[in-house]
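Visitor: Take a look and give me a structure for this.
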Amino acid sequence: MKLNLCVLLAFLSALFSVRALAQQQEKMPDIYQQAEMEADRLQKLLDLEDWQTFYVDSTLKHDFPAMMAEYEEMKKAKIENTSMYVAVQDKWMEQIDATYRKIFTDEQWAVYLRQGAGKAQKAREKRRMKAEGKK
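Guide: Purely as a prediction, here's the structure:
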């Protein structure tokens, strides 16, 4: 009887764990949904034209998965140095910003920089200079 009760409790515990994990994954948007949400956010923030939103969305839907694929390759190679992961992220964010600069007007670019992208760019530059051994 006690054995049956223990097996039942273990089964229920496992069932609840799997269910909780499935619910958590449902709540967390996938990479394409994240790209769409960011494009929508930028459209509202910067008052983007439809064609600009399309290019932002396309850029993110290409670059986010490419960055994640690079992360996966590093993970498969068992690279544990976090600075290498940060360098990969910096590379892709620089590419995204370069593309945004081509898409946005000067006014939109200025707003984008004021909303935090300027600080992020400075932080990336600082990390790059540190990695190169410059001050």
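Visitor: Could you list the low-pLDDT ranges of the protein?
Guide: Residue ranges of the chain with pLDDT under 70: 1-28, 134-135.
Visitor: show me where it has helices.
Guide: 2-27, 31-46, 50-76, 82-103, 106-112, 118-132 (DSSP state H).
Visitor: looking just at contacts, which helices and strands does the third one meet?
Guide: When contacts are defined as 3 or more C-beta pairs under 8 Å, 6 or more residues apart in numbering; DSSP states H and E, helix 50-76 packs onto helix 31-46, helix 82-103. No exception for glycine: its C-beta is placed from N, CA and C like everyone else's.
Visitor: got the helices of the chain as a markdown table, with mean neighbour count columns?
Guide: Conversion of the helices of the chain to a markdown table gives the following (neighbours: other C-beta atoms under 10 Å):
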| stretch | mean neighbour count |
| --- | --- |
| helix 2-27 | 9 |
| helix 31-46 | 15 |
| helix 50-76 | 15 |
| helix 82-103 | 15 |
| helix 106-112 | 15 |
| helix 118-132 | 13 |
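Visitor: Would you mind writing the CA trace of stretch 119-133 as PDB?
Guide: Extracted as PDB, the C-alpha positions of stretch 119-133 are listed here (Å, rounded to 0.1, in the frame of the first residue of the first chain):
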ATOM      1  CA  LYS A 119      24.300  53.700 -24.000                       C
ATOM      2  CA  ALA A 120      24.300  50.200 -25.400                       C
ATOM      3  CA  GLN A 121      26.600  51.300 -28.200                       C
ATOM      4  CA  LYS A 122      29.000  53.000 -25.800                       C
ATOM      5  CA  ALA A 123      29.100  49.900 -23.700                       C
ATOM      6  CA  ARG A 124      29.800  47.700 -26.700                       C
ATOM      7  CA  GLU A 125      32.600  50.100 -27.800                       C
ATOM      8  CA  LYS A 126      34.100  50.000 -24.300                       C
ATOM      9  CA  ARG A 127      34.100  46.200 -24.300                       C
ATOM     10  CA  ARG A 128      35.600  46.100 -27.700                       C
ATOM     11  CA  MET A 129      38.400  48.500 -26.700                       C
ATOM     12  CA  LYS A 130      39.000  46.500 -23.500                       C
ATOM     13  CA  ALA A 131      39.200  43.300 -25.600                       C
ATOM     14  CA  GLU A 132      41.700  44.900 -27.900                       C
ATOM     15  CA  GLY A 133      43.800  46.000 -24.900                       C
END
